[in-house]
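1. predicted model and sequence below, questions to follow.
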Amino acid sequence: MDRIAAPAVAAAGPEESIARQDSTVAIVAFVGLAAALVLLFPFPPVLDYANHYARIWLLSGGIGEQPFPEIYAVDWNRTFTNVGIDVLATWLGPLVGADRLARALLFLAILLPPLGAIGLHRALFGGRHHWQTAMLSLSWCATMIGGFINFQIGLGMALAFACVDLQLQRRNPALVFAWRLAAALLLTVMHLFALGFYIAIVCGLEFSWRIDIVRSKAALIRLAGRLALALGACVLPPLALYLHTAALPNAGGDGLGLAWNDGIVLIVLNLLSAITTYVPVVDVVLVLPLILISTRAVRAGDIRIHAGLAVAACGLLLLSCVSPRHMLGTGWISWRFPIMTALVAMAMVCPFANLTRRQVLLLALVINLAVFGRTGWVGWNWWLAQKDVAAVETVLKKVPPSAAVLPLGHEPETVSDLAHSNRHFAWGLDTFRHLPTLAVPFSHAFVPTLFTAIGKQPLSVLSPWSEIAVPEGNLLSIGVLSCPAMMQEYRNFTPYLSDWRRRFDFVLVANADIPDRYVDTLMPAGLTLLEDAGFAKLYAIDKAMPAEPLSIPIGCARAS
């Protein structure tokens, strides 16, 4: 039996017979809606997207325009993974344009993970069950809103490759091994975590539909052999690439740089990253109907489960709980596993396959309201963000080519303002952090926080610009310019703050229409306001002013 239970369904009349389910219309509608969002909102509140956009623009040909040949260089020996969008930018960017390519990649990052899960579900269970529509809800998660574009696309690729793997199983072992080598190579180039996800799925599919495989010694031996071959095929490509490049991510150069989710609350919050977008409470409310559907199906005994994928999901859940939050200069590692767990968990079950026509209509209604309600919520936040993007574009018109722009922001007292819900996601993290990097394509100016991490990006910063650049950066409070204690605290992580008056030409302040928690709207002397667009302000720097402020604002005491 590949199901927990099979309920008896009366066949007395047409109304009570098992009704056919079809999720195709809902899936097509969702794809269209996602495409509309990407077309309507060029720079949505997706944390890393603007930074990726600037790098895509450079790799698509912008690096050849002045002044960038003297600022940036491309070195493919810097990394062997996490470069999928960089490779596409180099190959396709000159042909289709950076803007079209960036939007297409964002579209794929949204859609590929749930569509891959839907494909795997159809391969396993057959049919077009309405549960497949529910999987579309996983388009919106912390890694998506965080702008982990390579990672998101990699998840979708891993699921799609697993569908192919499922069709090839039990065929010529040499063919299967060759396929897995090729799949592992592509996934390694896209994102190393995508390869790990593929390995987990393949191992789950090899395990079997039934858990009782563990009761047979001969079956266990055969399973061990198949898993060893699968792991061998998947490990060879990253190992070969690593031996060729020998570049691991470590932006800070401080060893492993481990940080953990050390507490039940942090672990629970980390697990919620699988569904979290802009306001966690809203996300939980909109996902709750889908959870209730699956639990109700278990109680009704109308649910089928793939045992092997259930084991894989349990392993991914364990990794979600025990993996570090940060490591090797890479942030939010622990976010990667909850969304993997959720995708596998939804693909491995088929609830309510035996319903009457009336019940099918009710099921479809509940699922569609939940999925399209979440998408509408995301779309609302994307619409809210457009005036902020317009403000940044307005102030960037005042920045001349070859200028050096110092990005800062106002750090708010709280982030619970629903009127600006688009500006933060997950648990208070800002979504506008990288908007100042648009100065690169829009103004041909230098910004110190463009992604150039060794082990993760092929783009590097040339001297002397490298002295005021960081491989990855946050948007610090404007208080850092007026508060000596803050300056001292961040100077080791942000070397561009040293002698900032001499090295930069402008200060671009984001979130400027909300008072900063430390210094309100106070800026140091020697900064002339050139443009106030509400959310964004641009100041010109007087390089003749003294390096230290004449007086320390009272609010600086809160930063110590």
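-> Done, it's in.

2. quick check: buried residues in the biggest helix by length in the chain?
-> Longest helix of the chain, by residue count under DSSP state H: helix 357-396. Burial within helix 357-396, assessed by neighbour count using 16 or more other C-beta atoms under 10 Å, is assigned to 359-360, 363-364, 366-368, 370-375, 377-379, 381-382, 384-386, 388-389, 391-396. From N, CA and C alone the C-beta is placed, and that goes for glycine too.

3. quick one: mean pLDDT for it?
-> Here helix 357-396 scores 97 as its mean pLDDT.

4. tell me the angle the next helix or strand after it makes with helix 357-396.
-> Remark: after helix 357-396, the chain's next helix or strand is strand 405-409, criterion DSSP states H and E. Relative orientation of strand 405-409 versus helix 357-396 (axes from the mean of the first three to the mean of the last three C-alpha atoms, to 10 degrees): 130 degrees.

5. returning to what we had before: and the longest helix of the chain, how far out from the chain middle?
-> Per C-alpha atoms, centre = their mean, to the nearest Å, the displacement of helix 357-396 from the mean C-alpha position of its chain is 17 Å.

6. mind giving me the packing neighbours of that helix?
-> helix 24-40, helix 131-134, helix 280-300, helix 439-443, strand 506-510, strand 527-532, strand 537-541 (3 or more C-beta pairs under 8 Å, 6 or more residues apart in numbering; DSSP states H and E).

7. so what are the sheet partners of the last one and their directions?
-> According to DSSP bridges, the neighbouring strands of strand 537-541, each with its direction, are strand 506-510 (antiparallel), strand 527-532 (antiparallel).

8. may I see those organised as CSV, with mean pLDDT added?
-> Compiled in CSV, these are given as follows (pLDDT from 0 to 100):
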stretch, mean pLDDT
strand 506-510, 98
strand 527-532, 97
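
9. out of those, which is the most enclosed?
-> strand 506-510 (a mean of 26; mean count of other C-beta atoms under 10 Å).

10. residues making contact with that strand?
-> Contacts to strand 506-510, defined as C-beta atoms under 8 Å, 6 or more residues apart in numbering, come from residues 388, 392, 395-396, 399, 403-410, 432-433, 435-436, 439, 445, 475, 478, 481, 523, 527, 530, 535-541.

11. how about stretch 335-345?
-> Contacts of stretch 335-345 (C-beta under 8 Å, 6+ apart): 113-114, 116-117, 135, 138, 141-143, 146, 148, 151, 155, 159, 193, 197, 200-201, 204, 270-275, 309, 312-313, 316-317, 319-320, 323.

12. Three-state assignment for the residue nearest to residue 387 when sequence neighbours are not counted, please.
-> Among residues not flanking residue 387 along the chain, residue 535 sits closest, at 6.9 Å (C-beta to C-beta, 6 or more residues apart in numbering). Here residue 535 is recorded as coil under DSSP: H, G, I helix; E, B strand; the rest coil.

13. look up how far residue 431 lies from residue 535.
-> Distance of residue 535 to residue 431, given as C-beta to C-beta, to the nearest Å: 12 Å.

14. check residue 542 too.
-> Taking C-beta to C-beta, one finds residue 542 at 32 Å from residue 431.

15. now do residue 333
-> 20 Å.

16. neighbour count for these two, which is higher?
-> Shown here are residue 333 and residue 431; by other C-beta atoms under 10 Å, residue 431 has more neighbours (27 against 17).

17. now do the contacts for that one.
-> Contacts of residue 431 (C-beta under 8 Å, 6+ apart): 45-47, 145, 278, 385, 422-425.
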